[in-house]
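> sequence first, then the predicted structure, then my questions.
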Amino acid sequence: MAEYTERHRAVWPEMRQALTDTGWRNYSLFLRDDGLLIGYVEADDLDAAQAAMARTEVNARWQAEMAEFFTGLEGQGPDEGFQLLTEVFHLEGK
């Protein structure tokens with residue numbers, strides 16, 4: 001997990017740009033000591049943002065680099081194992 005964390009301290013500039021260009025905003029990853037990884041992202045259309053990112057060459061290279069850190073994805077890439085959660089509380093708003 002230390003290596004995974006270290007690599008995310010130096011995400012390639014072209015990967016950061018591709019995320020921005022494909023509509024990913026306010027994207028964060030949170031890693032628990034036992035390896036549970038939670039991501040948070042905002043996008044106008046998450047399916048479209050994921051599909052656009054999947055078409056980039058830099059994403060293919062990044063996912064190949066990160067694949068060694070993931071298990072249990074049954075043939076999927078790290079960026080294909082997302083499980084969406086339902087928001088049940090948000091302080092702002094109603």
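Received it, and whenever you're ready, just let me know what you need.

> alpha carbons only for contacts and neighbour counts from here, please
OK.

> per-residue confidence at residue 54?
Looking at residue 54, its pLDDT is 93.

> residue 68 too?
You'll see residue 68 listed with a pLDDT of 84.

> got it, and residue 63?
89.

> do the same with residue 93
70.

> next, it: secondary structure please.
coil (DSSP: H, G, I helix; E, B strand; the rest coil).

> who's in contact with residue 64?
By CA atoms under 8 Å, 6 or more residues apart in numbering, the contact set of residue 64 is residue 77.

> actually, residue 69.
Residue 69 neighbours (CA under 8 Å, 6+ apart): 1, 4.

> try it again with 7 Å
Residue 69 sits next to residue 4 when contact means CA atoms under 7 Å, 6 or more residues apart in numbering.

> any idea how far it lies from residue 86?
Residue 69 is 26 Å from residue 86, where distance means CA to CA, to the nearest Å.

> same check on residue 8?
Distance from residue 8 to residue 86, by CA to CA: 26 Å.

> one more: residue 39?
In this structure, residue 39 and residue 86 are 13 Å apart, going by CA to CA.

> and these two? Which one has more around it.
More neighbours surround residue 39 than the other of residue 39 and residue 86, with 12 against 6 (other CA atoms under 10 Å).

> run through the bridge partners of that one.
residue 29 (DSSP bridges).

> tell me who's in contact with it.
Taking CA under 7 Å, 6+ apart, one finds 28, 29, 30 in contact with residue 39.

> ok, the residues you listed vs residue 78, which is closest?
residue 29 (12.8 Å; CA to CA).

> what about that closest one, how many neighbours?
Residue 29 has 11 neighbouring residues, counting by other CA under 10 Å.

> lovely, talk soon.
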